[in-house]
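**Student:** Sequence first, predicted coordinates after that:
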Amino acid sequence: MQRAPCYHGHVNAKTRKVSPPHRTGILRALAVLAAAFAAFSGISPARADGTAIVLDLEGALGVATAEYIIGGIEDAQERRANIVIIRMDTPGGLVEPMRDIVSAILASSVPVATYVSPGGARADSAGTYILFASHVAAMAPTTHVGAATPVSLGGGDPPDSSPPFEEQPARDEDSDDAGDGGAADEPEAEPDKEQPLPGSAMERKVLNDAIAYIRGLAEAHGRNADWAEKAVREAATLTAEAALEENVIDLIANDRSELLAAIHGREVTINNQAVALDTEGLEIEIIEPSWRIKILTTISNPEIALLLVLIGIYGLMFEGYNPGAIVPGVVGVIALLLAAYALQVIPVNYAGLALILVGIGMIVAEAFVPSFGALGLGGIAAFIFGAIMMFDSGIPGYDISIAFVVVFAAVTAAFLFLMVTYLLKLRRRGPVTGRGSIIGGKGIAMEDFNGKGKVWLEGESWQAVSGTPIAKDQEVVVRAMEGLTLHVEPLAEQSRKEAEIRT
């Protein structure tokens, strides 16, 4: 393609027309004037990257929390914010949500600083991985980090807590103390890396995967990968000061302002490119979790999930005992669906759930089958053990309070006993409307009669027939009903007949 003639004007790409040179000069002059005016007035050109986005990761890490953090990072990228600050105070949580957050941090075009605060906060378990993955790792004084050993959903001791990891330091000390040849003079071995890890094959697989994962995160940002491995193998922890000395974190800051001032100009690596942080004079914007995230987080609490299960069962029971009530059935179905979501996103032992259902069934059966309390007590015991087993995963933030289970079991048992007892009383009471409620009912004679007359029964006047003379205001009992005519007899006559039958 030939070049345009040597004409210092502006070429319109669509029309291929050349603008006069004086028009280009005018546009340049206007741009210079606008920049000068902005500098003079103290107003910088509007840019979205003059913002620090702050996200709060507090409490157990679950699916809803991960959605909130990842959404905040994506929002910061769309708005080209200067930095994302994740304020962290977590005991840990689930592996998959943690990995999703780490992936979002590693793929982010906006630098992410994880800040463990306020004082007394922690970045345990899953939080340690997120801290290592961040472009800037900071902690407030009196905080701590570590205990990153993976825990299986079945709970129990982690594979790295077996004796070999505890006995090896003692062997090294004995060798050093000997000092007289033999094993002490031999080169020091590395048994943790050469010997096979203890535990089952699955436990070794999970542990090795976690070690490789956290070492990779630490090495990506030039942090202490050896201590990161120790945090996984031995559940090691460090205070903020010790973490800074061990090159686990980048700095200690008393508050967010001090953090931003300390990292201004720091060079970090983002997507394999060195970037200098610009964190001076940023506008702080705290993004709160949406109402949807808050609801899902609340539902994911094990105690709330257990409560929803019981509300759902109660609702369906009420609807079954009183067909057509509608409201209990609707509430029960909604509660069970919400509980189903909770049980899907949190670690659950389904044997414990089965025990809870069996316990409720035994408590209900106690009202129908006289067992002198055996079924009721067994049901309460099954409920308590089932609730404990149901959430006994060993994952931080997803356990359940024993006191909550015991109190809830007692309240549940009392409630079910009262409900079932009331229903049985209603059954023994018999019909309350229609023909079945009239026959056997007691009324008052409205006049003297021998044959036909009127009686007052259930707030109404009825035609009555009697083969026995009846006086006014005498109490009568209905023996039969023919159409709208009642066959009655004096109540005293009925009592006499019942006495004769007994004798």
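**Tutor:** Yep, that arrived. Nothing here was measured: the structure is a model prediction, and the numbers come from that model.
**Student:** hang on, isn't residue 473 packed against residue 443?
**Tutor:** No - counting by CB atoms under 8 Å, residue 473 sits too far from residue 443 to count as a contact (10.9 Å). In short, each C-beta sits where N, CA and C put it, glycine included.
**Student:** More neighbours: which of the two?
**Tutor:** Counted by other CB atoms under 10 Å, residue 473 and residue 443 do not tie: residue 443 has more neighbours, with 23 against 11.
**Student:** quick one: contacts for the more buried one?
**Tutor:** 455-458, 462, 464, 475-478, 486, 488 (CB atoms under 8 Å, 6 or more residues apart in numbering).
**Student:** check which helix or strand covers it.
**Tutor:** strand 442-445 (DSSP states H and E).
**Student:** Check residue 476 too.
**Tutor:** Applying DSSP H and E, one finds residue 476 within strand 475-482.
**Student:** and that strand, what other elements does it pack with?
**Tutor:** Counting contacts by 3 or more CB pairs under 8 Å, 6 or more residues apart in numbering; DSSP states H and E, strand 475-482 is packed against helix 435-438, strand 442-445, strand 485-490, helix 491-502.
**Student:** Quick check: which ranges of the stretch 251-400 of the chain have low pLDDT?
**Tutor:** 321, 366-368, 370-373, 392-398 (pLDDT under 70).
**Student:** What segments of it are strands?
**Tutor:** Ranges of strands in the stretch 251-400 of the chain, per DSSP state E, counting those that start in this stretch, are 251-252, 267-270, 273-276, 283-286.
**Student:** most packed of those?
**Tutor:** strand 251-252 (a mean of 18; mean count of other CB atoms under 10 Å).
**Student:** so what does it touch, helix or strand wise?
**Tutor:** strand 136-139, helix 240-245, helix 256-263.
**Student:** starting at the chain centroid, how far to it?
**Tutor:** 31 Å (CA atoms, centre = their mean, to the nearest Å).
**Student:** Any idea which residue is closest to the centre of this protein?
**Tutor:** residue 300 (2.1 Å; CA atoms, centre = their mean).
**Student:** backbone phi and psi for that one, please?
**Tutor:** Main-chain dihedrals, residue 300, degrees, to the nearest 10: phi -80, psi 0.
**Student:** With adjacent residues omitted, what lies nearest to it?
**Tutor:** residue 62 (4.9 Å; CB to CB, 6 or more residues apart in numbering).
**Student:** in the stretch 51-200 of the chain, what spans have low per-residue confidence?
**Tutor:** 152-199.
**Student:** how near is the residue of the chain positioned farthest from its centre to residue 471?
**Tutor:** Of all residues in the chain, residue 450 sits farthest from the chain's C-alpha centroid, using CA atoms, centre = their mean; the distance is 76.2 Å. For residue 450, the distance to residue 471 equals 10 Å [CB to CB, to the nearest Å].
**Student:** hmm, who's touching stretch 268-286?
**Tutor:** With CB under 8 Å, 6+ apart, stretch 268-286 has contacts from 49-54, 56, 82-83, 107-111, 135-136, 220-221, 256, 260-261, 263-267.
**Student:** Could I have the buried ones of those residues as PyMOL selection syntax?
**Tutor:** Of the contacts of stretch 268-286, the buried ones can be selected in PyMOL as follows, counting by 16 or more other CB atoms under 10 Å:
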select buried, resi 50+51+52+53+54+56+82+83+108+110+111+135+136+256+260+263+266
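**Student:** buried sites along the strand holding residue 443?
**Tutor:** 443, 445.
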